[in-house]
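1. After the sequence you'll find the predicted model.
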Amino acid sequence: MTIDYSFIWVAFKEILKAVPLTLVLTFVPIVIGFLIGLAVALIRAYNIKFLSQIANFYVSFFRGTPAIMHIMVIYFGFPILLDYLIKVFNLPFQSNNVPIVLFVITALTLTAGSYLSEIIRSGISSVSKGQIEAAYTIGMNTFQVVKRIVLPQALAQSVPNITNLIIGFLHTTSIAFLVSQKEITGAANIVASKNLKFLEAFIAAGIIYWVITLIIEALLYFMEKKAKSYSRNAF
Amino acid sequence: MGKAFDPILIIEFLPTLIKYLGVTLEIVFFSMIFGTIIGIIVALPKLFHIPIVRQIVTLYISFIRGTPILIQLFLVYYGLPALLSIWNIDITRMDALYFVIITYSLSHGAIFAEIFRGAIQAIDIGQTEAAYSIGMKPLQSFFRIVLPQAIRIAFPNMANSIIGSLKDTSLAFTIGVMDMMGRGETLISSTAHALEVYISLSIVYYVIVLVFEKIFKISERYFNRYQPHGISSI
Amino acid sequence: MIEIEGLKKKFGHNEVLKGINMHVEKGEIISILGPSGSGKTTLLRCLNYLESPDEGQIVIDDVLINAHKVNKKDIYQLRKKSAMVFQAYNLFQHKTVLQNVMEGLVVVQKKSVNEAKEKALEVLQKVGLKNKIDAYPSQLSGGQQQRVGIARALALNPEVILFDEPTSALDPELVGEVLEVIAKIAREGKTMIIVTHEMNFAREISDRIIFMDNGVVIEEGIPQQIFTEQKEERTRQFLKRMTPELDYSI
């Protein structure tokens, strides 16, 4: 068994085409998940009754199960739910018309939301009680306190954790290949199977992930520094 | 896309799947043990600034942190036999389980190394100085004073890592390991009730994670007994 | 009993100790005064080899170390002769008060646990913390922590105890209790070298005062002489700046 070094390059060029899909699968869930996470974190921080129980279960369950389960359950479950709704309301389309990538994005968004809510919550709890009391004493209402005092500090505090989450998510998208998405791992798998050169293809894929990780890390490191200087100015 | 959804099956599948929990826990257990050993060995060159070895170790950690576990799994599964064939060692027939344990050990080794290093560096230099001032030698100071405190700091991160690894085992089936997830896949082939199988699997993973979390929380309280209450970690 | 000759230490290009000579008799209590950055703390840390000097010679009792030919064995021997009380206490955070004091006795002096415990209780009694033996450092006030630090040093029964600004991390109201303990040990005839900013305390407790600035010993003598009849202008300037503020007495 020998390694065909030139094929690594061939595979590399082929797999590179799949990078945009990987980035979409990484960032769309993070961005939408951020909004979910923010809402969930506030619901839990302010202990809104009934809603906070649901929020607690959502966070605990999604963080307590592998992401592949979320993808699979939604991949198999959504069409069933959709077909049921179509039948009940007599809608004029079919569930097989929905592209699979939407299921994957939905699943990953819910996953991201649960992790982000935990990150934001720990950011919120790092804001000192004294500051919040001080804000109330100068006459702010709760909404103003949250928006002007709590969240800016909580989010600045969250940046390093969010960086880690983004990298983690970049890697998590690799499991989308199991539902035949042609992202980096999926593309590698196709090139590999076609030419029966698995090792070479996955070496190429590994390098691509690695480089993207380093780029994202560098960018976020730069932003983190900005966020820190902002936080110094702001407080 | 399978047959009509039948919630009863979710319950009925549970016992079949739980029988294979042992394999899942085996992967977690062994990759933790080997990962810890690798982690300690890998942390040393960076802590003691040993040239060259330190650069190699940094590259290894960066690669592991820069690639998905799935890719690492494939690289070991296809790469290790190729590598060993150079010395005429044939492991192509080795049980896929071993490839999984090797991959996860290497992966955890890198992550643990970073956790250990961070924890050891977080211990105030004054602790070492105080140990020296009462006449301790470097090894005594490290094992009696620095390490016990570092373990407390490292513990929450290690606990997270172990829970992450438990969830990561769900990918071992991709190279043909018959763990809980692998058994689930065969159940799907034979019954065509994919959704029920995945919900069933989710329940088992969730419960195991909750149990692990509980155990870790209790252990953490023990590690933190000398901390002012309320502060769980740095 | 302690003899320091030509001690020099550089950090990068910054020469912190520029050839220190010093002599301490058994049972003597020495205070080292001087502005921050004058090298007092570095001198103390060199005595315990927490910093290795670049040049010079240190003798404590029958252990001699020359900066040019040190080996590990000598360093351990030297450290066994002295004990240090740190500015930031540096108590072992994962051990109780009793364990902190016993640690050196058991691990370094190889005493049996019972013997070590007996000794530890004795010194903890002396520093007034016998009721806190099972507390962890994080549960104590700064003053209590520093008293444990003193007990830890005292338990080893060293030839000399080195105090590195033992009260400068403390809240003003806690300084008194620590100084009181140090004075008590002083009265028992222990050899001590104290780096401090507590002028009144130094004046009352010391047999001799050494004034340092810029890495050299400017002046030394009995307290009376240093505080009232100083020969050097720099000493006078320093004391003028420091003395109006002192109001903690024992």
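-> Here it is on my side, so go on. If you're wondering where the values come from, they're calculated on a predicted model, not measured in any experiment.

2. interface residues of chain C facing chain B?
-> Where chain C comes near chain B, counting by C-beta under 8 Å from any C-beta of the partner chain, the residues are C:48-50, C:72, C:76, C:79-80, C:82-84, C:86, C:88, C:90-96, C:103-104, C:107-109, C:136-139, C:152-153, C:156. Backbone N, C-alpha and C define where each C-beta goes, glycine included.

3. lowest-pLDDT helix or strand in chain C?
-> Within chain C, no helix or strand scores below helix C:233-242, which has a mean of 84 by mean pLDDT, DSSP states H and E.

4. now what about it, what contacts it?
-> By C-beta atoms under 8 Å, 6 or more residues apart in numbering or on different chains, the surrounding residues in contact with helix C:233-242 are C:33-35, C:197, C:199, C:211, C:213, C:218-219, C:226-227, C:230.

5. What helix or strand is the residue minimising distance to the centre of chain C located in?
-> Using C-alpha atoms, centre = their mean, the residue of chain C that lies closest to the mean C-alpha position is C:Phe163, 1.7 Å off. C:Phe163 belongs to strand C:160-164 when assigned by DSSP states H and E.

6. pLDDT averaged over that strand - what is it?
-> For strand C:160-164, mean pLDDT is 94.

7. following it, which helix or strand comes up?
-> By DSSP H and E, the next helix or strand past strand C:160-164 is helix C:172-187.

8. Tell me the buried residues in that next one?
-> Using 16 or more other C-beta atoms under 10 Å in any protein chain shown as the burial criterion, the residues of helix C:172-187 that qualify are C:174-179, C:181-182, C:185-186.

9. which one of these is nearest A:Ile167?
-> Checking the buried residues of helix C:172-187 against A:Ile167 by C-beta to C-beta gives C:Leu174 as the nearest, at 46.7 Å.

10. Now do that closest one, the pLDDT please.
-> Value for C:Leu174, per-residue pLDDT: 89.

11. B:Ile10 against B:Leu201, yeah?
-> No. In this structure B:Ile10 lies outside contact range of B:Leu201 using C-beta atoms under 8 Å: 9.7 Å.

12. what about A:Leu151, helix or strand, and which?
-> According to DSSP H and E, A:Leu151 maps onto helix A:151-172.

13. now C:Ile65
-> With DSSP H and E as criterion, C:Ile65 is part of strand C:63-66.

14. Which residues does that strand contact?
-> Residues contacting strand C:63-66 (C-beta under 8 Å, 6+ apart): C:49, C:56-59, C:74-75, C:77-78, C:81.

15. for stretch A:107-114, same thing?
-> Contacts to stretch A:107-114, defined as C-beta under 8 Å, 6+ apart, come from residues A:25, A:28-30, A:32-37, A:40, A:58-59, A:61-63, A:67, A:70-71, A:73-75, A:165, A:169, A:172-173, A:176.

16. go with 6 Å
-> Contacts to stretch A:107-114, defined as C-beta atoms under 6 Å, 6 or more residues apart in numbering or on different chains, come from residues A:29-30, A:32-33, A:36-37, A:59, A:62-63, A:67, A:70-71, A:74.

17. try stretch C:152-165
-> Identification of contacts with stretch C:152-165 by C-beta under 6 Å, 6+ apart yields C:41, C:44, C:47, C:61, C:81-87, C:100-101, C:104-105, C:119-120, C:123, C:191-195.

18. Pull up the distance across that stretch, start to finish.
-> Taking C-alpha to C-alpha, to the nearest Å, stretch C:152-165 runs 16 Å from one end to the other.

19. Next, the buried residues of it.
-> C:152-156, C:158-165.

20. what does stretch B:61-73 give?
-> Neighbour-count burial for stretch B:61-73, counted by 16+ other C-beta under 10 Å, picks out B:61, B:63-73.

21. Ok, stretch A:184-204 next?
-> Within stretch A:184-204, the residues scored as buried using 16+ other C-beta under 10 Å are A:184-192, A:197-204.

22. mind checking the SS state of A:Gln181?
-> coil (DSSP: H, G, I helix; E, B strand; the rest coil).

23. residues near it, how many?
-> The local packing of A:Gln181 (other C-beta atoms under 10 Å in any protein chain shown) involves 24 other residues.
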